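**Q** I would like the atomic coordinates for the input below:
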Amino acid sequence: MLREKEVVYNSVNMPLCRPRVRVLIAEDYQAMRERVVSVLANECDVIGAVADGQSLVEAACTLHPDLVVVDVSMPIMGGIAAANKLRELGSTARIVFLTVHEDPDCIRACLAAGGLGYVIKSRLAGDLLTAIDNAMAGRPFLSPCLAPCYPISEPAGNS
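**A** Model prediction:
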């Protein structure tokens, strides 16, 4: 039996088992929030789910998640503003945006706010866990359907 932080690697140095990621979700639409929780429940520890950016900032300061899944368009404080506020407050949580927005300006704004992942809501089931794995490894991830209009490159030194 593996302890929580113990990781086993296969022959190509890829983890076979990883520690569970503590995730905080911010999504204003209740049905989508519940769907995100459902998708993550078997692989992650969902430590909270809130409906706006201000509540995300407050909960993150209390719960100290490893990662936040953030909707871009939310009431009170939007996801990009909330991500910027988290960084300003010194949060080390990785950020994955979950959104319907596919335009390059929105993608750039989310990445500039510290996002490592950008998942289109219609690709939630197929892309969110991959985005979380990549974000926790410090690698960017965009839903593959966005690649033709916004290719991402590996950070320098990771060839």
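**Q** low-confidence regions, the chain specifically.
**A** Residues of the chain that meet the criterion pLDDT under 70 lie in 1-18, 148-159.
**Q** who's in contact with the residue most central in space within it?
**A** Nearest to the mean C-alpha position of the chain, by C-alpha atoms, centre = their mean, lies Val96 at 2.2 Å. Applying C-beta atoms under 8 Å, 6 or more residues apart in numbering, one finds that Val96 lies in contact with 67-70, 115-119, 128, 131-132, 135, 141. In short, each C-beta sits where N, CA and C put it, glycine included.
**Q** make it 6 Å
**A** With contacts defined as C-beta atoms under 6 Å, 6 or more residues apart in numbering, the neighbours of Val96 are Val69, Gly117, Ala131, Ala135.
**Q** just Gly48 next, same as before
**A** Under the criterion of C-beta under 6 Å, 6+ apart, the contact partners of Gly48 comprise Leu24, Ala59, Leu63.
**Q** got the phi/psi numbers for it?
**A** phi 180, psi 160 (degrees, to the nearest 10).
**Q** next one: Leu67
**A** Reported as degrees, to the nearest 10, the phi and psi values for Leu67 are phi -150, psi 150.
**Q** bridged to it, which residues?
**A** The partner list for Leu67 in beta bridges (DSSP bridges) reads Val23, Arg94.
**Q** hmm, it is touching Pro19, no?
**A** No: assessed by C-beta atoms under 6 Å, Leu67 is found out of contact with Pro19, at 11.9 Å.
**Q** between those two, who's got more neighbours?
**A** Neighbours were tallied for Leu67 and for Pro19 using other C-beta atoms under 10 Å; the higher tally belongs to Leu67 (22 against 15).
**Q** for that one, give me its contacts.
**A** Taking C-beta under 6 Å, 6+ apart, one finds Val21, Val23, Ala93, Arg94 in contact with Leu67.
**Q** rerun that using 8 Å as the cut-off
**A** Here Leu67 is in contact with Val21, Arg22, Val23, Leu24, Cys44, Ala93, Arg94, Ile95, Val96, Ile132, Ala135, Met136 (C-beta under 8 Å, 6+ apart).
**Q** quick revisit: can I get the contacts of Val96 in CSV with neighbour count?
**A** Formatted as CSV, the entries for the contacts of Val96 read as follows, by neighbours: other C-beta atoms under 10 Å:
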residue, neighbour count
Val69, 32
Gly117, 28
Ala131, 27
Ala135, 23
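**Q** between the residues you listed, which is closest to Ile76?
**A** Distance to Ile76 across the contacts of Val96 (C-beta to C-beta) is lowest for Val69, with 17.5 Å.
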